[in-house]
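> Give the three-dimensional model of this entry:
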Amino acid sequence: MKEVRLGESILIVRRSKLIRQVRHAQADITGEIVGVLHTLIESHQIFAGGIERPREGDRSVSEKIQSGESPKAAMIRGIQEELGLADFAGKGLIRDSRRPRKRYKDSAVSYPGLAVEHIEFQFTWRMPTEYIEPLGYVETQRRKTTYFVWKEA
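Numbering: from 1, shown residues only. Here you go, the predicted model:
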């Protein structure tokens, strides 16, 4: 319900089935480390109880779009919050001109039994050298810690 109150997701009914619909802004982030191109990926999360959830795929940063927020504003906020780059204002952030990608699942790990539809707006960003932390980034929240690492492209 917190997500619904914040406008990060909505509940819809389609063909008599309840679906959680979430809009995301996602960025593929690259950067040069010691002359070699790398891609930033979200590696894993560790929850307060010690449970570790590996993250699949090669996504860099993904942020839920709040009600009334543009995909670009959400992506800037996501980079600021998740990577700790408070002074990032969006310079060099490029939105994919194609329509948002849609993905559907009958159930999600975080909400078992509740179908979910993801609407994803894609961005790319070549991170300038002054922002690059070669050992990666850590986002610490009250109930979980998320780890981002660089891998050679």
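> to the chain's geometric centre, what's the distance from stretch 34-44?
Relative to its chain's centre, stretch 34-44 lies at 15 Å (CA atoms, centre = their mean, to the nearest Å).
> Check residue 153 and give its pLDDT.
At residue 153, the predicted lDDT confidence score is 89.
> hang on, it packs against residue 39?
Yes - using CB atoms under 8 Å, residue 153 makes contact with residue 39 at a distance of 4.8 Å. In short, each C-beta sits where N, CA and C put it, glycine included.
> Between those two, which contacts overlap?
Between them, residue 153 and residue 39 share these contacting residues under CB atoms under 8 Å, 6 or more residues apart in numbering: residue 30.
> where does the one residue sitting closest to the centre of the chain fall, helix, sheet strand or coil?
A centroid search over the chain (CA atoms, centre = their mean) returns residue 62, at 1.0 Å, as the residue closest to the centre. Here residue 62 is recorded as strand under DSSP: H, G, I helix; E, B strand; the rest coil.
> how about it, what does it touch?
By CB under 8 Å, 6+ apart, the contact set of residue 62 is 24, 25, 26, 27, 42, 78, 120.
> Between those, which sits nearest residue 70?
Nearest to residue 70 among the contacts of residue 62, counting by CB to CB, is residue 25 at 8.7 Å.
> any idea which element that closest one lies in?
strand 17-33 (DSSP states H and E).
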